[in-house]
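A.B. asks: just to be clear, the model below is a prediction. Sequence and coordinates:
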Amino acid sequence: MNPLKKMTDHGKRARVGDVFVLSVEDGKYLFGRVAKKGVLYRPALLLYIYAVEATKPSPVPESLARDSLLVPPILTNQIGFTEGFFQILSSGPIQPEDIFEKHCFVNPFGAYLDEAGQRVDAPFEPLARTALAGYGAVGIRVVKALGIWNDDALAPDQGNALTTDVQAPSGSSMNDGNPLEREVSEFLNHLEGAERAHAEVTDTSVREALAEVLSWHFVWGKRVDVWPTDYALFGPAGNRRVAEAVRAFLEAAIPRAEELGVPVGPARLEILQDVSIETEQGECYDLFLGHLDEPLDPRPPGQSRYREPVGPEDDPADEQ
């Protein structure tokens, strides 16, 4: 569920210092700033959203002060910008008075961390969450702060599984991190290797095919009776590479998740969408899997996932 209005069809990646506009109501606009990048996780952006409203999306108000935040700072990724929900209005260097020197974070298990992810004994302001919020979750925090959305109509932070409190697997502690970090890391690296030979691995159609399969079998824990073979790549070679990567991941991750007692649904989506896990080339999950604000409805993959892939003949070099 996403309360944000789309601001532009020509989104672009954000940089530190960018000032942007967003809207959750027609004719009303709010403003934000990219305060830092690489806090806790290398790709993450730390956003400030200000308690400053306007009836037009520009110009940028002069009164964007760090002491007038509408909500606590928020960690997010680039997708809200590239999809056009956050429209960049201006860019420029951050001045010391624009942002807080230090930020504190609380993880889903109640531990307090500094910007480097180290434990601190007591929280300090500003206090943010460690979870990476999708743009839908950013919007929900905004409407709650504005008092224009009834909490009773919405599960806590629905719209982004990464902002819900995740139940710790049996036997885990608050310092364990992602219990399937190795399995997810190997999977993403396999996809990265496939992308070097088949550039379309990062196409939207392939991401959507992966989302269908991973949602049904991993996020919702449904048994695999027949292995999917077609992931919307251009030919058999690429589809085979991706199918092998998915099968290796599911064969390793499903029994491990069951052994640890990781519940199906949002908790498993969080495991997949862990921005702290990077590939050998420094990429994270969203390049290969996209991003979901909440789990897909539990439905099996379409029949097209099980057809025999067609297309150009296999490239012998790809098999080496």
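C.D. replies: That came in fine, so what should we check first?
A.B. asks: same for the longest helix seen in the chain, what does it pack against?
C.D. replies: The single longest helix within the chain, with elements called by DSSP state H, is helix 236-260. Helices and strands touching helix 236-260, by 3 or more Cβ pairs under 8 Å, 6 or more residues apart in numbering; DSSP states H and E, are helix 181-197, helix 204-214. Every C-beta, even on glycine, is put in place using the N, C-alpha and C of the backbone.
A.B. asks: please repeat the previous calculation with a cut-off of 6 Å.
C.D. replies: Packed against helix 236-260 by the contact rule (3 or more Cβ pairs under 6 Å, 6 or more residues apart in numbering; DSSP states H and E) you find helix 181-197.
A.B. asks: torsion angles phi and psi at Thr76?
C.D. replies: Note on Thr76: backbone dihedrals following degrees, to the nearest 10 are phi -150, psi -180.
A.B. asks: what's the burial count for it?
C.D. replies: Thr76 has 25 neighbouring residues, counting by other Cβ atoms under 10 Å.
A.B. asks: switch to numbering from 794
C.D. replies: With 794 as the first residue, the last one maps to Thr869.
A.B. asks: so it bridges to which residues?
C.D. replies: The bridge-partner assignment for Thr869, based on DSSP bridges, gives Leu838, Ala926.
A.B. asks: need the contact list for it.
C.D. replies: Residues in contact with Thr869, defined by Cβ atoms under 6 Å, 6 or more residues apart in numbering, are 838, 840, 926, 931.
A.B. asks: which of these has the most neighbours?
C.D. replies: Top of these by neighbour count (other Cβ under 10 Å): Val931, with 28 neighbours.
A.B. asks: wasn't that one part of a helix?
C.D. replies: Yes. Under DSSP: H, G, I helix; E, B strand; the rest coil, Val931 sits within a helix.
A.B. asks: next up, the contacts around it.
C.D. replies: Val931 neighbours (Cβ under 6 Å, 6+ apart): 867, 869.
A.B. asks: and for Phe917?
C.D. replies: Phe917 neighbours (Cβ under 6 Å, 6+ apart): Cys897.
A.B. asks: again, only using 8 Å
C.D. replies: 895, 897 (Cβ atoms under 8 Å, 6 or more residues apart in numbering).
A.B. asks: may I have the phi/psi pair for it?
C.D. replies: Torsion angles, degrees, to the nearest 10, at Phe917: phi -140, psi 160.
A.B. asks: distance-wise, check it relative to Glu1001.
C.D. replies: Between Phe917 and Glu1001 the computed distance is 42 Å (Cβ to Cβ, to the nearest Å).
A.B. asks: bridged to Leu823, which residues?
C.D. replies: Leu815, Glu846.
A.B. asks: quick one: it from Pro866, how far?
C.D. replies: According to Cβ to Cβ, Leu823 and Pro866 sit 15 Å apart.
A.B. asks: do Phe893 as well
C.D. replies: Distance, Phe893 to Pro866, by Cβ to Cβ: 8 Å.
A.B. asks: find residues that contact each of these two.
C.D. replies: 828, 919.
A.B. asks: so for those two, which sits in the more crowded spot?
C.D. replies: For the pair Phe893 and Pro866, the greater number of neighbours falls to Pro866 (22 against 17), based on other Cβ under 10 Å.
A.B. asks: Tyr843: what's it in contact with?
C.D. replies: Going by Cβ under 8 Å, 6+ apart, Tyr843 touches 823-826, 854, 856-858, 861-863.
A.B. asks: again, only using 6 Å
C.D. replies: Tyr843 neighbours (Cβ under 6 Å, 6+ apart): 824, 857, 861.
A.B. asks: and Leu1080, by the same measure?
C.D. replies: Thr995.
A.B. asks: wait, a helix at it?
C.D. replies: Yes. Leu1080: assigned to a helix according to three-state DSSP.
A.B. asks: quick one: the strands in the stretch 844-993 of the chain?
C.D. replies: 867-869, 880-883, 897-899, 905-906, 920-922 (DSSP state E, counting those that start in this stretch).
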